[in-house]
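1. okay, sequence plus prediction incoming.
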Amino acid sequence: MDNYFIKTNRTFTNIRKYGWILTVLIAIGGRWEPKLGLLVVFIMAGLTGVSFFTGRYWCGNICPHGSLFDSVIAPISRNKKIPKLFKNKVFGAIFLIFFAWSFSNKIIKISPLWGTFDFLDKLGFIFSNTYLVVLIVGGIFALAINSRTWCQFCPMGSLQKISYTAGKTVGVAKNTNVLVTIESKDKCHSCGKCSRVCPFQLTPYLDFNDNNQFDNINCIKCGTCVENCPASILSIKTEKQAIELKENTIVLGYENRQEIEAKITSIVDLGNDLREFEFTFQNPYEVNYKAGQFILVRIMDEPKQYRAYSISSYNENKRSLKVIIKKVPKGFGTELIFDNFKVGSDIILEGPMGDELVVGDDVKKVLFVANGIGITPFIALVKDVLLNRPDIEEVKLLNGQKFENEFIYDDYFRELSKEYDKFHYIPVASREENLDKGLRKGYVTNLIKELDVADYKVYMCGSKNMISDSYKILLDKGLKTSDVFYESEEKIKIENVA
Ligand SMILES: Cc1cc2nc3c(=O)[nH]c(=O)nc-3n(C[C@H](O)[C@H](O)[C@H](O)COP(=O)(O)OP(=O)(O)OC[C@H]3O[C@@H](n4cnc5c(N)ncnc54)[C@H](O)[C@@H]3O)c2cc1C
Ligand code: SF4
Ligand code: SF4
């Protein structure tokens, strides 16, 4: 499980990026100016107030120590599994009682000074010391285990949970609380990425409630899962907003999603760490899938987790499908697949899923754009439109790779372009010096700039950068957002490209 948890950016606002400066100021500056510690009184009031309305939102978005853990320590943390003991409720309660007892003892000791300036200095020093202890102890845990280990039993976290429970009991928090919300459970890839990037190592994808919300009192609403979900289906919403979203979400392309028992009937090594797997359906015996859809492949049972792969085969007899998988360096899932998947093995699939790359009925001219491993769905799509869509007048495929030897199914596409006048296959290599066989040097984006794309519908699959750059070029060339469709293994923010 060494490569299970993923380190990723968690600082999405300036408060989260730079809030740690306040921690250092209070904890270290308090040695010289103890009154700086009095700022903690406002911090405690703030976190208790915020949590009354919306749980541990403070921890994930405002807390200065949280900023220190996420912004400064997370990049160098060992990022290991948080021990169960630290997540234990009883442990948290005992630690809170111990903290409250030790803190009140210190306050009682200085109480005779009440009303003097000395009292303020002494009080500030107590708070500053507490901040320093959390900085040191929390910092060590953050480095050695996971950046948010301290937060599992932090007395301020427990205080927020108590305040939130009070807010819920009086009926206020129900309307004001925000939770991680999934647009539709049907669209979830069950890839577990939301859990692998979660600083608290929670499992949102396994625990969405009937309103499609992740109602876990420990969630700090940091949005890290939202930012990293490859399906872009997570957001942070109130209950009312979640219900509206659920009612208004149209789930096209997922109607036929089902669990499929299958057998691996062939594995072909395509070189460059690429393997083509054929899965033959056992139960159900036949599966309807469309070119352009993807399938989920189960990689582990506990916790249940899948990886999404574009279907690369044209569905000739509904009995099997093929996927082409690239081994990712230190990739958790592909390591399991390349080590454990053998011819004859039984596997569980889920799907078929997706409609982003399924060519619409009204399309007359189609431009397919791929780079890297993003070429795989077009192996099926090109054949599908050539065989089944006589109404489509023009089909172009731009295929960008780095080197000549990375072009898989190259002969297949070249043969089809000879067979069908309306199909144009344009391979382009960014780093290849040997430009035989009509190979061009450059990127697919260079080619898009040269093309006349008027009246085309464009379907893209590949890297985030290629898709967002191509998107901009296509819109500049006059296409509308409704003319361009894409799929990527990484989340693409449409607002960045529109
Ligand atoms: C709709 C869809 C279709 C897809 N189709 C295909 C396809 O046809 N073929 C294909 O090969 N793939 C495809 N993918 C990608 C595939 O689903 C997997 O994401 C891919 O196989 C990698 O899985 P993994 O578990 O090995 O990698 P992961 O372990 O999930 O790693 C993913 C990325 O995170 C990085 N990472 C991992 N651990 C850490 C860490 N500790 N710190 C920092 N970074 C880290 C890795 O370097 C890698 O870049 C598709 C994805 C989607 C969403
Ligand atoms: S990250 Fe993966 S498992 Fe989590 S909600 Fe998104 S698609 Fe589903
Ligand atoms: S579930 Fe999401 S929002 Fe909640 S703590 Fe984990 S990553 Fe943050």
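-> Noted; the coordinates are in hand. Ligands and ions are numbered 1, 2, ... in the order given.
2. correct me, but residue 425 touches residue 397?
-> Yes - counting by CB atoms under 8 Å, residue 425 does reach residue 397; the two are 5.2 Å apart. Every C-beta, even on glycine, is put in place using the N, C-alpha and C of the backbone.
3. who's more crowded, the two?
-> Shown here are residue 425 and residue 397; by other CB atoms under 10 Å, residue 397 has more neighbours (24 against 21).
4. helix, strand or coil for that one?
-> Put simply, residue 397 is strand when judged by DSSP: H, G, I helix; E, B strand; the rest coil.
5. secondary structure element for the closest residue to it other than its chain neighbours?
-> Closest residue to residue 397 in three dimensions, ignoring its sequence neighbours and counting by CB to CB, 6 or more residues apart in numbering: residue 368, at 4.5 Å. If you go by DSSP states H and E, residue 368 is part of strand 365-371.
6. what pairs with that strand, parallel or antiparallel?
-> strand 394-401 (parallel), strand 456-461 (parallel) (DSSP bridges).
7. indicate which one of these is closest to ligand 2.
-> strand 456-461 (17.1 Å; CB to the nearest ligand atom).
8. what mean pLDDT does stretch 261-277 get?
-> Averaging pLDDT along stretch 261-277 gives 96.
9. tell me which parts of this structure are close to ligand 1?
-> Counting by CB under 6 Å from any ligand atom, the chain comes close to ligand 1 at 3, 6-7, 189, 230, 294, 307-310, 323-326, 328, 330-334, 373, 376, 487, 489.
10. so where's the stretch 1-150 of the chain uncertain?
-> 1 (pLDDT under 70).
11. ranges for the strands of it?
-> In the stretch 1-150 of the chain, no strands are defined using DSSP state E, counting those that start in this stretch.
12. quick check: residues of it near ligand 3?
-> residue 60.
13. identify the residues contacting the residue in the stretch 1-150 of the chain that ligand 2 sits nearest to.
-> Closest residue of the stretch 1-150 of the chain to ligand 2, CB to the nearest ligand atom: residue 6 (10.7 Å). By CB atoms under 8 Å, 6 or more residues apart in numbering, residue 6 lies in contact with 193, 196, 197, 228.
14. what's the most distant pair in those?
-> The distance between the two most remote of the contacts of residue 6 (CB to CB) is 8.4 Å, for 196 and 228.
15. picking up where we left off before, can you redo the strands paired with strand 365-371 as JSON lines with mean pLDDT?
-> Formatted as JSON lines, the strands paired with strand 365-371 follow (pLDDT from 0 to 100):
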{"stretch": "strand 394-401", "mean pLDDT": "97"}
{"stretch": "strand 456-461", "mean pLDDT": "97"}
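16. format those strands as CSV; extra columns: distance to residue 53.
-> Compiled in CSV, the strands paired with strand 365-371 are given as follows (distance: least, CB to CB, whole Å):
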stretch, distance to residue 53
strand 394-401, 49
strand 456-461, 42
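17. who wins for proximity to residue 208 among the ones you listed?
-> That would be strand 456-461 among those, by CB to CB, at 27.5 Å.
18. elements contacting the helix or strand following the closest one?
-> Where DSSP H and E defines the elements, the next helix or strand beyond strand 456-461 is helix 464-476. On a contact count with 3 or more CB pairs under 8 Å, 6 or more residues apart in numbering; DSSP states H and E, helix 464-476 meets strand 365-371, helix 444-450, strand 456-461, strand 484-487.
19. how about the shortest one against ligand 2, any contact?
-> No - contact between strand 484-487 and ligand 2, assessed by CB under 6 Å from any ligand atom, is absent, since the two come no nearer than 13.0 Å.
20. what comes into contact with that strand?
-> So strand 484-487 is contacted by 294, 310, 354, 356-357, 374, 377, 457-461, 467, 471, 474-475, 492 (CB under 8 Å, 6+ apart).
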